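**Q** This is the structure alone, sequence omitted:
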């Protein structure tokens, strides 16, 4: 996480507002707003920016799980994004949906991708230019290099190796403290009708995704502070780490911090998350 002198190493995949300002109009850079939907995009966005809806674009319509490779290739190609494009992602909600889109790109081998530090809030606070005009798009053919399974973990892998956080592994729950302890609100009252139990995977530590960013600027905390947060949760440099939340977007922010900012060697996002795990018959749950 830190070098031998205790100094933070350079973050991968992170650009600031000034960098993005300087690259507006650069044909090799594709700016993409990623949100739960496209509402804020149509209120104003950086010139040339495209938009992705986490709900509509980054999930398959006919099955649960990460977007399949074929659909991702068609989606990116329809936006004029090639395998050589430098994709800069930003959004609201602490950049969680942008982080999920970034993780999906990395999962399918896209090399040149970045998050805008601070997301939409940083762009607005800087008084950077906005437009409501939709950019012209020339579709291209996008070809993925295939899925990188080293940054994703499945339900069966969690059950077989990570429950209880045995030595050499770590589990990080990126939900709120209330969710972690099983005190989150329930939609219905009858326990048998709940689609999942409350609580967390046994052995998991809790760092809410909101703790990773400054509450006002929405920029990531400084790497030394992020390193201290992770060390306080017992995460060692050699650990094989699994991060999870409800459905993968908040944990994608945790994955970005560990993998891209702190350069932790082995970090996997459990995108099935508590929505899947908490619904499994017979799976152990802690509260």
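**A** All right, it came through fine. Just so it is clear, the model here is predicted, and its values are computed rather than measured.
**Q** mind listing what's buried in stretch 55-72?
**A** 57, 58, 59, 66, 67, 69, 72 (16 or more other C-beta atoms under 10 Å). All C-beta atoms are positioned from the backbone trio N, CA, C, and that covers glycine.
**Q** ditto for stretch 277-284
**A** Quick answer for stretch 277-284 (16+ other C-beta under 10 Å): 277, 278, 283.
**Q** Enumerate every residue touching the second one.
**A** By C-beta atoms under 8 Å, 6 or more residues apart in numbering, the contact set of residue 278 is 196, 197, 198, 199, 285.
**Q** give me that answer again for 6 Å
**A** Shown in contact with residue 278 (C-beta atoms under 6 Å, 6 or more residues apart in numbering): 196, 197.
**Q** Show me how the chain divides into domains.
**A** Listed by automatic domain parsing, the domain ranges of the chain are 14-147, 150-277.
**Q** rank these by mean pLDDT and give me the bottom one.
**A** Note on the domains of the chain: lowest mean pLDDT is at domain 150-277, with a mean of 92.
**Q** Mind telling me what element residue 115 is part of?
**A** Assessed by DSSP states H and E, residue 115 sits inside strand 113-116.
**Q** Quickly run through the sheet partners of that strand, with directions.
**A** If you go by DSSP bridges, strand 113-116 pairs up with strand 14-15 (parallel), strand 86-90 (parallel).
**Q** Could you look over those strands and pick the most buried one?
**A** strand 86-90 (a mean of 23; mean count of other C-beta atoms under 10 Å).
**Q** next one: it to chain centre, how far?
**A** How far strand 86-90 lies from its chain's middle: 13 Å, per C-alpha atoms, centre = their mean, to the nearest Å.
**Q** which residues sit against the helix or strand following that strand?
**A** As assigned by DSSP H and E, the chain's next helix or strand after strand 86-90 is helix 96-107. Applying C-beta under 6 Å, 6+ apart, the set of residues contacting helix 96-107 from outside is 34-36, 52, 54, 89-91, 113, 115, 147-148, 151-152, 249-250, 252-253, 255-256, 269.
**Q** ok, now how distant is the closest residue to residue 35 other than its chain neighbours from residue 280?
**A** Nearest residue to residue 35 in three dimensions, chain neighbours excluded: residue 91, at 4.8 Å (C-beta to C-beta, 6 or more residues apart in numbering). Per C-beta to C-beta, to the nearest Å, residue 91 is found 30 Å from residue 280.
**Q** How about residue 236?
**A** 28 Å.
**Q** what does residue 110 give?
**A** 31 Å.
**Q** which residues does residue 147 contact?
**A** Here residue 147 is in contact with residue 107 (C-beta under 6 Å, 6+ apart).
**Q** actually residue 158, not the one I typed
**A** Here residue 158 is in contact with residue 270 (C-beta under 6 Å, 6+ apart).
**Q** And residue 182, by the same measure?
**A** 198, 199, 287.
**Q** hmm, 10 Å instead?
**A** 197, 198, 199, 200, 278, 285, 286, 287 (C-beta atoms under 10 Å, 6 or more residues apart in numbering).
**Q** Likewise for residue 138?
**A** Contacts of residue 138 (C-beta under 10 Å, 6+ apart): 79, 80.
**Q** cool, and the one 3 residues further on?
**A** The neighbourhood of residue 141, defined by C-beta under 10 Å, 6+ apart, consists of 73, 74, 76, 77, 82, 83.
**Q** Check residue 68 too.
**A** Residues near residue 68 by C-beta under 10 Å, 6+ apart: 60, 62, 108, 147.
**Q** Check residue 268 too.
**A** 149-154, 157-158, 162, 240-244, 251, 255, 258-259.
**Q** On the three-state scheme, it is what?
**A** strand (DSSP: H, G, I helix; E, B strand; the rest coil).
**Q** Leaving aside the residues adjacent along the chain, what's closest to it?
**A** residue 153 (4.0 Å).
**Q** The one you found: neighbour count?
**A** 22 (other C-beta atoms under 10 Å).
**Q** Could you do residue 160 as well?
**A** 9.
**Q** residues touching it, list them.
**A** residue 154.
**Q** Pretty sure it sits in a helix.
**A** Yes - assigned with three-state DSSP, residue 160 falls within a helix.
**Q** rewinding a little: out of the buried residues of stretch 277-284, list just those in strands.
**A** Among the buried residues of stretch 277-284, no residue falls in strands (DSSP state E).
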